[in-house]
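> Need coordinates for the following:
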Amino acid sequence: MALSADLDNLRMTELSGRGYEMSIPVKTGVTIYKGAHVVTDATGYAIPLAVTGAVQYVGRAQEQVVNAGASGSVNVKVMRQGIVWVPFTSAAVTDLGFLLWATADDTATLTPQANCGALGRVVKVEVGVGNWVDQSDNVNAHAV
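Numbering: from 1, shown residues only. Predicted coordinates:
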């Protein structure tokens with residue numbers, strides 16, 4: 001399921017500090033919501049994650065952007081490293097230490113995804129609610 005509104009993009013600042021943010025040019029005709037998992041597609045522009053082809057995970061959107069202009073005319077700020085909250089209703093104590101992957105801009109799984117890098121490693125679990133994920137750990141690891 002894709003986001004249709006902003007997602008509160010919480011950060012565990014007591015563990016991660018500010019994290020590392022960067023600005024990525026957005027593909028034309030794309031809306032990226034705050035809190036979305038963001039990837040770059042084959043053209044190198046940012047899009048919300050929807051695993052339909054080989055993509056490169058770049059981080060969590062820190063703002064909502066709408067690019068009605070040409071590709072690259074708008075940038076989105078993403079949190080590239082740091083510890084972030086990822087809603088995950090299947091969260092269990094046994095998730096701790098495992099890589100968390102995404103299948104859409106708002107959907108996480110423990111199942112490795114061949115077309116997108118891991119979101120990061122689970123460092124804290126809130127059972128049945130979500131996981132805190134360290135994005136600086138294996139952000140671009142791909143499943144084999």
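
> So what are the structural domains in this protein, by residue number?
With domains defined by automatic domain parsing, the chain comprises 13-80, 83-134.

> could you dump the ones you listed to CSV with mean pLDDT?
Converted to CSV, these look like this (pLDDT from 0 to 100):
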stretch, mean pLDDT
domain 13-80, 85
domain 83-134, 88
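
> Take those domains and write them to JSON lines, including mean neighbour count.
Quick note: C-beta positions are derived from backbone N, CA and C, even for glycine. As requested, the domains of the chain are exported to JSON lines (neighbours: other C-beta atoms under 10 Å):
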{"stretch": "domain 13-80", "mean neighbour count": "18"}
{"stretch": "domain 83-134", "mean neighbour count": "18"}
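
> Save these as JSON lines, and put in distance to Ala5 too.
JSON lines is the format used below for the domains of the chain (distance: least, C-beta to C-beta, whole Å):
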{"stretch": "domain 13-80", "distance to Ala5": "6"}
{"stretch": "domain 83-134", "distance to Ala5": "10"}
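
> okay, which residue is most central for this protein?
Centroid check for the chain by C-alpha atoms, centre = their mean gives His37 as the closest residue, at 2.7 Å.

> Among the domains of the chain, which comes closest to Asp6?
Closest to Asp6 of the domains of the chain is domain 13-80 (C-beta to C-beta; 3.9 Å).

> rewinding a little: pull the contacting residues for the residue nearest to the centre of the chain.
Residues counted as contacts of His37 (C-beta atoms under 8 Å, 6 or more residues apart in numbering) are Pro48, Leu49, Tyr57, Arg60, Ala102, Ala104, Asp105, Asp106, Leu119.
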